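>>> Just a sequence and a predicted model for now, questions to come.
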Amino acid sequence: SGSRGHDYFYPGTGNEDDPANNVVNIPIVPLWKGEECIKAVSHSNSISSKTQNIIQTTFGGGKSAYRQAISTRMLPALRAFNPSLILISAGFDAARGDVGNAKHTAGLPQKMGIDLDPEDYAWTTRKIMEVADICCQGRVVSVLEGGYGMTPRDFDGDSEKKPKDHLDKTVFAECAIQHLRALIDPYDLEERDKQKKPPRHSVYK
């Protein structure tokens with residue numbers, strides 16, 4: 001269901017916080033909506049520059065707003081709750097270009113709602129694992145929620161020419177892989193170990 005003050009459209013939907021039931025909801029303003037708000041504000045002569053900056057920051061959306069929300073709201077709330085087990089419902093439809101977060105309007109190109117990259121999923125997972133290590137001995141369960149893929153750039157929109165499975169799942173798959181890697185090795189120990197090892201030489205004396 002949609003929240004007050006937000007379109008009934010993902011991303012940007014969800015009920016308000018319900019502290020009594022330990023619910024923290026963090027809707028992210030869709031990029032296309034943020035662009036529309038910023039464009040309207042930038043052409044307004046009746047709004048002060050200070051107010052314009054506040055609105056542009058609020059409606060920036062995208063990965064920067066996502067990371068800020070995770071750092072300032074989700075992680076502190078999760079740490080304060082002190083869980084004995086963390087369940088992750090991993091939605092990869094927030095990936096850059098995924099049709100699951102796009103705004104679709106007949107006759108117009110789709111507009112991206114959010115632009116998370118594989119590293120954003122890895123970063124989020126590592127942050128959650130850090131809390132899990134503090135609160136619940138690293139007990140985390142992750143299940144797949146969503147993710148579809150992106151429309152290929154060479155697809156012209158002709159439904160009769162559309163292949164059976166026309167979505168490009170490259171980014172979606174890499175996001176899932178990076179999430180799994182962070183679950184397995186949240187502190188990047190494997191990569192750090194590689195950097196510590198001396199380079200191998202092909203010729204030995």
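That came in fine, so what should we check first? These numbers come from a predicted model, not from an experiment.

>>> can you tell me which residues contact residue 120?
63, 66, 67 (Cβ atoms under 8 Å, 6 or more residues apart in numbering). For glycine as for every other residue, the C-beta is placed from the backbone atoms N, C-alpha and C.

>>> between those, which is nearest residue 90?
Checking the contacts of residue 120 against residue 90 with Cβ to Cβ, the nearest one is residue 66 at 14.2 Å.

>>> so where do the helices sit in the chain?
31-42, 49-58, 62-69, 75-81, 118-135, 170-184, 189-196 (DSSP state H).

>>> Mind listing the residues bridging to the residue lying closest to residue 32 once chain neighbours are set aside?
The spatially closest residue to residue 32, leaving aside those adjacent along the chain, is residue 111, at 3.7 Å (Cβ to Cβ, 6 or more residues apart in numbering). Assessed by DSSP bridges, residue 111 has beta-bridge partners residue 103.

>>> What number of residues are in the vicinity of residue 111?
As a burial measure, residue 111 scores 16 neighbours (other Cβ atoms under 10 Å).

>>> And it, what's its pLDDT?
Per-residue pLDDT puts residue 111 at 89.

>>> In this structure it contacts residue 101, no?
No. Between residue 111 and residue 101 there is no contact under Cβ atoms under 8 Å: 9.8 Å.

>>> what touches both of the two?
residue 30.

>>> Tell me the spacing between residue 106 and residue 182.
39 Å (Cβ to Cβ, to the nearest Å).

>>> Mind checking which of those two has more residues around it?
residue 182 (22 against 4).

>>> Hmm, that one is touching residue 121, no?
Yes. Residue 182 is within contact range of residue 121, at 7.5 Å (criterion: Cβ under 8 Å).

>>> how about the contacts of residue 120 in a markdown table, adding distance to residue 127?
Converted to a markdown table, the contacts of residue 120 look like this (distance: Cβ to Cβ, whole Å):
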| residue | distance to residue 127 |
| --- | --- |
| 63 | 14 |
| 66 | 12 |
| 67 | 9 |
